[in-house]
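Peer 1: Below are the sequence and a predicted model; questions follow.
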Amino acid sequence: MEQLSIYERNTELLLRVKEGDREAEAVLVEENMGLVRTVAHRFRDRGTEYEDLLQIGTIGMVKAIRSFSVERGTAFSTYAVPLIVGEIRRYLRDDGPIKVSRIYKRQGINLMHEKNRIAAEEGREAGIAELAERCGISAEEAAISLDAISPVNSLSDFVYGEDSVTYEGVLSDEESENESERICDRIALSQSIMRLSPLWRRIVLLRYFRGLTQQQTGAVLGLTQVKVSREEKKILSYLKKELS
């Protein structure tokens, strides 16, 4: 059976999510955690624990899943990365020196994690009172904590209504946009490489990460230079198809 591409797999899961399949949402989050890890890694030197960045980034991922429309015709990663970046940046921007604020944000992350777990495992939405009880805090604290990590607007949301421009259309931070695009490209390439066969991954590693020639690569792998050349052409063709 032919293996689905990343685009096809994400599309399949996203369609199931739109039909209310919570298990598909959990699977989609898990299979795309590479996006969150890559983005979170870029913010590791900002004074926040890496695990916290992962949790915050995951919230952005969930928001992307729930607001993404397959009809866009774009790759899910292209849409999700700006939301993940925005979620983490918002957290870092608003995470001032006030200890109480940080506590609420941590509690908010825990509440969202518990909410997503219940949705994935039990297929239902948990109320604030239940989440508060499970996390050992009052309902009032839970409400404040969830508000502390309230969602940021998607770049694809309309500013004044469906007939108006999107937020993306009025933003002028070209550097930020280019950064997101570069992240998307690197993540997409990384995910595609991870799907290669062991032999193809080793060829890519030796040729493009260690800078060996085809002949040197062949010597390491016990292959002829001609064999390496043929396999390399197949690899490039496959990656071009995956990234198109």
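Peer 2: Received, thanks. Numbering: from 1, shown residues only.
Peer 1: For the residue nearest the centre of the chain, pull up the helix or strand it's in.
Peer 2: Taking Cα atoms, centre = their mean, the centroid of the chain lies closest to residue 35, which sits 3.3 Å from it. Using DSSP states H and E, residue 35 sits within helix 33-41.
Peer 1: Pull out the buried residues from that helix.
Peer 2: 35-36, 38-40 (16 or more other Cβ atoms under 10 Å). (Glycine included, C-beta is placed from N, CA and C.)
Peer 1: and the residues you listed, which two are the farthest apart?
Peer 2: Maximum pairwise distance among the buried residues of helix 33-41 (Cβ to Cβ): 9.5 Å, between 35 and 40.
Peer 1: any shared contact partners between these two?
Peer 2: Listed as contacting both residue 35 and residue 40 by Cβ atoms under 8 Å, 6 or more residues apart in numbering are residue 57.
Peer 1: Hmm, the residue nearest to the centre of the chain is touching residue 75, no?
Peer 2: No: between residue 35 and residue 75 there is no contact under Cβ atoms under 8 Å: 10.8 Å.
Peer 1: So residue 52, which state does it fall into?
Peer 2: helix (DSSP: H, G, I helix; E, B strand; the rest coil).
Peer 1: need the contact list for it.
Peer 2: For residue 52, the contact set (Cβ under 8 Å, 6+ apart) comprises 106, 109.
Peer 1: and stretch 45-63, C-alpha only, in CSV?
Peer 2: Provided in CSV are the C-alpha atoms of stretch 45-63 (Å, rounded to 0.1, in the frame of the first residue of the first chain):
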residue,chain,number,x,y,z
ASP,A,45,17.5,31.5,25.4
ARG,A,46,14.7,33.7,26.5
GLY,A,47,14.6,32.7,30.1
THR,A,48,11.7,30.2,29.9
GLU,A,49,12.0,26.5,30.5
TYR,A,50,12.0,24.4,27.2
GLU,A,51,9.2,22.2,28.5
ASP,A,52,7.1,25.3,29.1
LEU,A,53,7.8,26.5,25.6
LEU,A,54,6.6,23.1,24.3
GLN,A,55,3.4,23.4,26.3
ILE,A,56,2.7,26.9,25.0
GLY,A,57,3.6,25.9,21.5
THR,A,58,1.2,23.0,21.7
ILE,A,59,-1.6,25.4,22.5
GLY,A,60,-0.8,27.2,19.3
MET,A,61,-0.8,23.9,17.5
VAL,A,62,-4.3,23.0,18.8
LYS,A,63,-5.6,26.4,17.8
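Peer 1: Next, the buried residues of that stretch.
Peer 2: Buried residues in stretch 45-63, counting neighbours by 16+ other Cβ under 10 Å, are found at 48, 52-63.
Peer 1: how far is stretch 110-122 from where the chain is centred?
Peer 2: On the basis of Cα atoms, centre = their mean, to the nearest Å, stretch 110-122 sits 18 Å off its chain's mean C-alpha point.
Peer 1: From residue 77, how far off is the residue lying closest to residue 9 once chain neighbours are set aside?
Peer 2: Residue nearest to residue 9 in three dimensions, not counting chain neighbours: residue 31, with 7.2 Å by Cβ to Cβ, 6 or more residues apart in numbering. Taking Cβ to Cβ, to the nearest Å as the measure, residue 31 falls 11 Å from residue 77.
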